[in-house]
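1. Fold the following and give me the result.
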Amino acid sequence: MAAFDWFWNAMGARTSKHQKQSAELSTKAAQRATELSNSSDSEVAELARRAISPNGTLSKPEDFLAALNIATQRTLQICPFEVQSQAVLRMLAGDVIQMATGEGKTLVGAMAATGYGLMGKHVHVITVNDYLARRDAQWMRPLVEFFGLTVGAITEEKTPAQRREAYSCDIVYGPINEIGFDVLRDQQVTKRDQAVQRFADIAIVDEADSVLVDEALVPLVLAGSQPGTAPTGHITHVVRHLREDLHFTTDEGRRNVFLTEKGAATVEAALGIDSLYDDAHVGTTLVQVNLALHARALLLRDVHYIVREGKVQLIDASRGRVADLQRWPDGLQAAVEAKEGLAVTEGGRILDTITLQALMRRYPKVCGMTGTAVEATDQLRQFYNLHVSVIERNKPLQRFDEADRIFATTAEKNAAIIAEIETLHAAGRPVLVGTHDVAESEDLAAALERRDIAVNVLNAKNDAEEAAIIAEAGDLGRVTVSTQMAGRGTDIKLGGASGHSREAVVASGGLAVIGTARHRTKRLDNQLRGRAGRQGDPGLSLFFVSLEDDVIATGGAGEQVVAQPEADGRIISKRISDFVEHCQRVTEGQLLEIHAQTWKYNQLLADQRDILDKRRTSLLDTAQAWEELSQLSPNRAAELHNLAVDTKIAAAREIMLYHLDNAWAEHLALMDDVRESIHLRAIARETPIDEYHRIAVREFKDLAQRAVDDAVKTFNTVLIDTAGAHLAAAGLRRPSATWTYMVSDNPLSGGNRLISGIGSIFR
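-> Numbers count the residues shown, from 1 in each chain. Model (predicted):
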């Protein structure tokens, strides 16, 4: 490692002094654990507590680690490696640690969480899905409870009462989206006891680069019911008969749909109006036509939603199953219901939204673990001020990383992939194939099955059944095709989960990992590559590339490359290999720039949210609402002198919170509209980001004043009696129901767009 210190330092990773100190302490801790092996459980727990100074820092780290090691052996029957103890120290120092797949990151996370818990900190261990949160909390419970600490798990199906109980624990495991949704829901409560979350001091993030970088800009959204704005039956009927390419067109990714001039004229004639775009129709009829057209052209039954028991139910693409309590906002749900001839329910209005990046910045301290952090060092430092510590393997790497096999065309590449899998399978070698999307994985599996090769196909459901399939992916002759390996959370052991055929698999060369194309970042390639060669096992990784791949088309910017392919289409040329590397570096730079630019837009709203949160907390936890309204409207306050003080405070609080929340929802909608059109400012030679900030600051000032003014008006007119403020009777009704969803159209989520929608590409 020392010979490469210059490299890690250049990448921004922590090495040298920090790593050497941690390594030395880990060695001492192992020696201390041996010396203390006969100590009682209570003596071990007390040793850990005595190793913490009054200010919450480690005064005797070797004793602290020794106690954690002994407890781990006694409760989990696992003896931590010295490199794992070293990783725990770096996480307690606030770093993101990079550990190779199979080196025990889950245990390291639990030991670090327990350490923070012993320091008196409340800890959230952030996972990427429900299954891992549930599994890890249950798996690590004995270790946590050994020291008298409590552990809970947040999962999608839990009720508010169950969530409240889980959040009260010292250490809470939970998927990033559920924790984020709870933050949003808690920002809508009007009484403190309705909230479910408890403040956390520390966030320990599993798959840190995926959560903090790849998905950082994904917004979590809380929507609420409001009267539906569905297209009328007549509009739905008119739109149903429009023809694609003649009356409307869609963009390349089928994310947006547009009326053509002929389409607009056809709709206008059918509705008997002069123009969809005049003032009388642009905010009403045109909106309804666009909603109906979106539902007609872009949302497909049994793909994006199903109809069950007379109701439209959304399909969660990331899990492949019905998404409970999720709906589309902005009238789109109603438009789909109208399209299907169902009873139209209430519409949806966005009440609040937060990006994962803004969510993570709420924690006073963040650390994490992943197998591929070094390549994300710049982003982690720039956006979170986090450092990376690289932890060496417990055993030397035995995996062979073969050079990319590059082909001129996609068809030639796909033929070569199938041929390679056939060869490896014939030798009895387990094969894991990483594809870029569901369509590609299904086409590849079908092609292999036509050759009598049995295939396990994994898409993005990621539940316990999938984890079991992954666990068996290292068995003799097993072929597994998966869309994405990041966050699977289960190691692939040679010989399967039981290891019954381990020797035969080792003799065959171990697990072979095949990538069907390069990702837009090398880090994602390495996540897949790292599934082979765990804990010193033999293995192979191999990526196939074609000059038609998305990463080449995007990174090469249309640059024409000339090469003489072999008879099978393969290109053997260092110049072309270097070009592929160049294209990937370009796409990595593009993604970083997108992140940086998007961060500038999001950061101002995040800062405004912080101001709003403080205001809301003050209104919720004090008598400030009553005090302000009494000063602004003393006559009305005097009229309420017969009511109990608590009643008056609660009524004033409800009034002010209603108008504050309403103003924030309107602000989000407005800024979303501004963001959509801000690029037009460049035409007027204005800087879009500066203009966006100017508008956001001006509108936020108006928001604050408007919320107070509206609250005073309501205070003066609404009925307030012993039952409180009768807001609903005055037409000021909070949503009768709320639901959550994620905006998954993330500019950072790379993929092979050229493959989408082509049909069968493997023959």
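2. what number of residues lie near Arg240?
-> Arg240 has 12 neighbours, counted by other Cβ atoms under 10 Å. No exception for glycine: its C-beta is placed from N, CA and C like everyone else's.
3. for it, what are its contacts?
-> Neighbour list for Arg240: 296, 339 [criterion: Cβ atoms under 8 Å, 6 or more residues apart in numbering].
4. quick one: it from Ala335, how far?
-> Distance, Arg240 to Ala335, using Cβ to Cβ, to the nearest Å: 12 Å.
5. for Glu503, same thing?
-> In this view, Glu503 and Ala335 are 60 Å apart by Cβ to Cβ.
6. more neighbours, the two?
-> Ranked by neighbour count (other Cβ under 10 Å), Glu503 and Ala335 place Ala335 first, with 30 against 12.
7. List phi and psi for that one.
-> Main-chain dihedrals, Ala335, degrees, to the nearest 10: phi -60, psi -40.
8. What degree of burial does Arg74 show, as a neighbour count?
-> For Arg74, using other Cβ under 10 Å, the count is 15.
9. That one reaches Ser40, doesn't it?
-> No. Under the criterion of Cβ atoms under 8 Å, Arg74 is not in contact with Ser40, lying 10.5 Å apart.
10. Quick check: closest non-adjacent residue to Val205.
-> Leaving aside its chain neighbours, Val205 sits nearest to Gly368 (3.5 Å; criterion: Cβ to Cβ, 6 or more residues apart in numbering).
11. So what's the gap between the helix or strand encompassing that neighbour and the chain middle?
-> Here Gly368, judged by DSSP states H and E, is contained in strand 365-370. Offset of strand 365-370 from its chain centre (Cα atoms, centre = their mean, to the nearest Å): 15 Å.
12. buried ones in it?
-> By neighbour count on 16 or more other Cβ atoms under 10 Å, the buried set for strand 365-370 is 366-370.
13. Serialize these to JSON lines and add fields for distance to Ala468 and pLDDT.
-> As requested, the buried residues of strand 365-370 are arranged in JSON lines below (distance: Cβ to Cβ, whole Å; pLDDT from 0 to 100):
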{"residue": "Val366", "distance to Ala468": "32", "pLDDT": "97"}
{"residue": "Cys367", "distance to Ala468": "30", "pLDDT": "97"}
{"residue": "Gly368", "distance to Ala468": "26", "pLDDT": "95"}
{"residue": "Met369", "distance to Ala468": "23", "pLDDT": "94"}
{"residue": "Thr370", "distance to Ala468": "23", "pLDDT": "91"}
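14. Pipe the residues you listed into a markdown table and attach distance to Ala203 per row.
-> Converted to a markdown table, the buried residues of strand 365-370 look like this (distance: Cβ to Cβ, whole Å):
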| residue | distance to Ala203 |
| --- | --- |
| Val366 | 5 |
| Cys367 | 8 |
| Gly368 | 8 |
| Met369 | 12 |
| Thr370 | 14 |
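15. any idea how far Ala468 is from Gly496?
-> Taking Cβ to Cβ as the measure, Gly496 falls 10 Å from Ala468.
16. more crowded one of these two?
-> Gly496 (19 against 11).
17. The more buried one contacts Glu472, correct?
-> Yes. Assessed by Cβ under 8 Å, Gly496 is found in contact with Glu472 at 4.8 Å.
18. before we move on, the earlier item: for the residue nearest to Val205, which residues make a bridge with it?
-> Per DSSP bridges, the residues bridged to Gly368 are Val96, Val205.
19. Now do the same contact list for it.
-> 91, 96-97, 126, 203-206, 208, 211-212, 386.
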